[in-house]
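Enquirer: coords please:
(chains A and B)
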Amino acid sequence: MDIERKKFYITTPIYYVNDKPHIGHAYTTIAADVLARLHRSLGEDVFFLTGTDEHGAKIAASAEKAGKSPQEFVDEISAKYSLTWDQLGIAPDKFIRTTDPEHLDAVKVFLEKLKASGKLYEGEYEGLYCIGHEAFIKESELVNGLCPEHKTKPELVKEQNWFFKLSDYQKILAEKIEDDDILIRPQTRKNEVLSFIRQGLEDIAISRPNVKWGIPLPWDDKQTVYVWVEALFNYCSAIGYVSDPEQFQKYWPADLHMVGKEIIKFHCIIWPALLLAIKEELPKAIFANGFFTINGEKISKTIGNVIDPTDWAAKYGADAVRYFVLREVPFGQDGDVSEDKLKARYNGDLANGLGNLFSRTTNMIEKYLDGDVESLQKSPKDLNDAWEAFNSLNFSEGLARIWEEIAWANQLIDRAKPWDLAKTDLEKVKELLVNLASLLYDIAQKLSPIMPEASNKIRQVLESGDIKKPEPLFAKID
RNA sequence: CGCGGGGUAGAGAAAUGGCAUCUCGCAAGGCUCAUAACCUUGAGAUUGGCGGUUCGAAUCCGCCCCCCGCAACCA
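Expert: Next up, the predicted model:
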């Protein structure tokens, strides 16, 4: 028995529930699910966490607008996230909500520790506050006295806050990031974070006096903790920081935080600093994926130009959506998506490529060999090349490799002409089809983290012992 | 002089000093096992612009133009 079984703790951001999930949320979460499945296949003890971030003034405002209590509102949206992941074949080990009692308890302990660290102090902050941003904005950013993004007039707010001495951590953070103690990828994001740190870190306010929908400071019930500070701590509370210390010890620190590139500063600067303050270990790696545009336009919750990933999943299937987002754009870079592009990938790569190869192969096995491939080679020949690419988060490259094999197989069939050979040399046909079946089995295994459904179908048919041509894996869509 | 990313056939990408490559689309041909699929061939690029280094530049250097993020408390 392997008592030193390697653990792998992977997280997504917890998503802010002021609106339902869009394709950008799905992107990060699909990638994390793929990695979780991959590491599980490699025999590791995986914990895959996602969830929802449910506090803050913006949510309270959205709830009011919807005529609901904040709790009703967040229950509803959080459920939409959970359901969306389900429909995309995403299977987290845990779905944390920041309104869970477990999280509330853990945050209280966390805040007490922060206070005890001596890194908190009281101060005053004055500025222009935009409710849409749920943030202070600079006067220089205003257009005609209005927030350019939300077209609303910010309020002048003077606040008494608790501050965190982020400035104390400038040097140590720069060192740890420089040395890859905290590995930040892609490289450009690391450079960005480092140059930001070198410009100098200022202390941050970690409490809000006017935000009712939040977790009160244990020592000052007139203030609630700043949502980001509390939200980041989900990575600890979800694995039992207070409720199950044994499990926490087992999985912490996180092996990989998957994030969108817009929140790297929170994850690469504030989060490690907070952990240093309470003397917990730091996450090992943080990977920031890029942004999607949709038909060249920025996705924006506030503007409302969103794609509901469940619409795509309903039409093309979860596997296709998973394949598409990971294949279409090199992971880490920005990219453009649209239903036309999805359709092109679906019909071209999945239906005509993998699906048709599977159809013609199984059909010939049924027709020429009576469904019998007794010596199907099931042990993986070379999982490594594709899986190494996936493991280094080069999903599109790994997939391109696999599709090269599909193209190669199609060429092989054309050159060997089994329909002619069947009249003269059945042994040769058998040899060819056994090879093709083995190759398909191999491909299915490689694809299993990305397209679990299709992968299972292929393997089930090939393993059945009496192979018949099945229904198309991916029926063409016009 | 705020920080960062980018500009290569109609579209999306690859090539980090040596014949500009791949996918989709387009055109022609082939095949018949297959989901109107698959295979072969072809057309299509002065690599954003100007200058420099070099035997040789998409690639290295300088200047310029254009696009996109971020710019501190916005998931």
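
Enquirer: so after the helix or strand of chain A at the bottom of the mean pLDDT ranking, what's the next helix or strand?
Expert: Lowest mean confidence among the helices and strands of chain A (mean pLDDT, DSSP states H and E): strand A:135-137, at a mean of 61. Note on strand A:135-137: by DSSP states H and E, the next helix or strand toward the C-terminus is strand A:155-164.

Enquirer: who are the packing partners of that following strand?
Expert: Applying 3 or more C-beta pairs under 8 Å, 6 or more residues apart in numbering; DSSP states H and E, we find strand A:155-164 packed against strand A:120-130, strand A:204-205, strand A:207-208, strand A:220-225, helix A:271-277. Just so you know, the C-beta spots here come from the backbone N, C-alpha and C atoms, and that holds for glycine as well.

Enquirer: need these in CSV (columns: distance to RNA strand B and mean pLDDT).
Expert: Conversion of those to CSV gives the following (distance: least, C-beta to the nearest atom of the strand, whole Å; pLDDT from 0 to 100):
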stretch, distance to RNA strand B, mean pLDDT
strand A:120-130, 4, 76
strand A:204-205, 4, 85
strand A:207-208, 8, 86
strand A:220-225, 11, 88
helix A:271-277, 11, 93
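
Enquirer: can you list the ones you listed in CSV and add distance to A:Leu412 and mean neighbour count?
Expert: Formatted as CSV, those follow (distance: least, C-beta to C-beta, whole Å; neighbours: other C-beta atoms under 10 Å):
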stretch, distance to A:Leu412, mean neighbour count
strand A:120-130, 61, 15
strand A:204-205, 60, 20
strand A:207-208, 65, 24
strand A:220-225, 62, 17
helix A:271-277, 51, 22
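
Enquirer: quick one: low-confidence residue ranges for the stretch 251-400 of chain A.
Expert: Counting by pLDDT under 70, the ranges of the stretch 251-400 of chain A that qualify are A:295-297, A:299-305, A:375-383.

Enquirer: residue of it with the smallest distance to RNA strand B?
Expert: Per C-beta to the nearest atom of the strand, A:Gly355 is where the stretch 251-400 of chain A lies closest to RNA strand B, at 1.6 Å.

Enquirer: part of a helix, is that residue?
Expert: Yes - counting by DSSP: H, G, I helix; E, B strand; the rest coil, A:Gly355 is found in a helix.

Enquirer: spell out which parts of the stretch 251-400 of chain A neighbour RNA strand B.
Expert: A:260-263, A:265-266, A:291, A:298, A:301, A:328-330, A:333-336, A:344, A:348, A:351-356, A:358-360, A:363-364, A:367 (C-beta under 7 Å from any atom of the strand).

Enquirer: now, which of those lie within strands?
Expert: Secondary structure assignment by DSSP state E places A:260, A:298, A:335-336 of those in strands.

Enquirer: from those, which would you call buried?
Expert: A:260, A:335 (16 or more other C-beta atoms under 10 Å).

Enquirer: residues contacting A:Ala26?
Expert: A:Ala26 makes contacts with A:84, A:88, A:309, A:321, A:325, as judged by C-beta atoms under 8 Å, 6 or more residues apart in numbering.

Enquirer: how about the helices in the stretch 351-478 of chain A?
Expert: Assigned by DSSP state H, counting those that start in this stretch, the stretch 351-478 of chain A shows helices spanning A:356-369, A:383-391, A:395-416, A:418-424, A:426-447, A:452-463.
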